[in-house]
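[1] 3D, please:
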Amino acid sequence: MRATVELVDQRGYAGTTLGDIAEHAGLARGLVSYYFDGKRLLMQSATHRLMHLELAAALAELPPDACPEARLARAIDAVLGLAMEHPRVMRSHLALILDPDVGAFVQDPEQQQLGAILRGLLSDWGAPDPIAEHAVLRSALMGGCIGVLLPGASVPLAPIRADLFARYGLAWELGSPPQPRAPERTPPLERS
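    Next up, the predicted model:
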């Protein structure tokens, strides 16, 4: 899975084959195919693993007594940070899960670990229904990643982060702010 992330970071999804991944990992191609039914499933599992490992590492940097808001802020920053640090991997992942012609969203063990971490954070934060709120947070994070990554129409990270932090009542200073102060927010549009 690490070889998949490394090669897709360098060459993109289309420029990386299962043979390339196997060679980079020092494995026989047949062994990779035995465990993963194609490059798409390997890519999704590798991205989910990257996400849950980065999230776990970011949370481990916090003191053990960190408040639930600090932990949730760090989680949001960790996932959005992946879009900045691994744009090709995250673009490829999002394209694969959004393309109905290549298959559906994969709930592999790596994705389940990521989901468990996020649901735990939401439960600690006080979400009345952590399972439902996890679906909302996951959608908001993926939408935020799309906003940052959309070629030719990307949005800076700060307003995306500000919107997510406002949803969860998190102080801008928590986590890893991309700038010293939150961007000015325009008031909501008035409806006629």
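[2] For this protein, which segments count as helices?
    Assigned by DSSP state H, the helices in the chain fall at 2-11, 18-25, 29-35, 39-60, 68-85, 87-98, 109-125, 130-149, 157-167.
[3] Please save the CA atoms from the longest one in PDB.
    What follows is helix 39-60, C-alpha atoms only, in PDB (Å, rounded to 0.1, in the frame of the first residue of the first chain):
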ATOM      1  CA  LYS A  39      -5.600  -1.400  -9.100                       C
ATOM      2  CA  ARG A  40      -8.700   0.500  -8.100                       C
ATOM      3  CA  LEU A  41      -9.300  -1.500  -5.000                       C
ATOM      4  CA  LEU A  42      -5.600  -1.400  -4.100                       C
ATOM      5  CA  MET A  43      -5.700   2.400  -4.600                       C
ATOM      6  CA  GLN A  44      -8.700   2.900  -2.400                       C
ATOM      7  CA  SER A  45      -7.300   0.700   0.400                       C
ATOM      8  CA  ALA A  46      -3.900   2.400   0.200                       C
ATOM      9  CA  THR A  47      -5.600   5.800   0.400                       C
ATOM     10  CA  HIS A  48      -7.800   4.800   3.300                       C
ATOM     11  CA  ARG A  49      -4.700   3.400   5.100                       C
ATOM     12  CA  LEU A  50      -2.800   6.600   4.500                       C
ATOM     13  CA  MET A  51      -5.700   8.600   5.900                       C
ATOM     14  CA  HIS A  52      -6.100   6.500   9.000                       C
ATOM     15  CA  LEU A  53      -2.400   6.300   9.700                       C
ATOM     16  CA  GLU A  54      -2.000  10.100   9.300                       C
ATOM     17  CA  LEU A  55      -5.000  10.700  11.400                       C
ATOM     18  CA  ALA A  56      -3.800   8.400  14.200                       C
ATOM     19  CA  ALA A  57      -0.300  10.000  14.100                       C
ATOM     20  CA  ALA A  58      -1.800  13.500  14.300                       C
ATOM     21  CA  LEU A  59      -3.900  12.600  17.300                       C
ATOM     22  CA  ALA A  60      -0.900  10.900  19.000                       C
END
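[4] Next, the buried residues of it.
    Buried residues in helix 39-60, counted by 16 or more other CB atoms under 10 Å: 39-40, 42-55, 58-59. For the C-beta atoms, the positions are set from N, CA and C on the backbone; glycine is no exception.
[5] Which elements pack onto that helix?
    In terms of contacts (3 or more CB pairs under 8 Å, 6 or more residues apart in numbering; DSSP states H and E), helix 39-60 is packed against helix 2-11, helix 18-25, helix 68-85, helix 87-98, helix 109-125.
[6] Which of these has the highest mean neighbour count?
    Among these, the stretch with the highest mean neighbour count (mean count of other CB atoms under 10 Å) is helix 68-85, at a mean of 21.
[7] and H134, how many neighbours does it have?
    For H134, the neighbour count with other CB atoms under 10 Å is 21.
[8] can you check P100 too?
    7.
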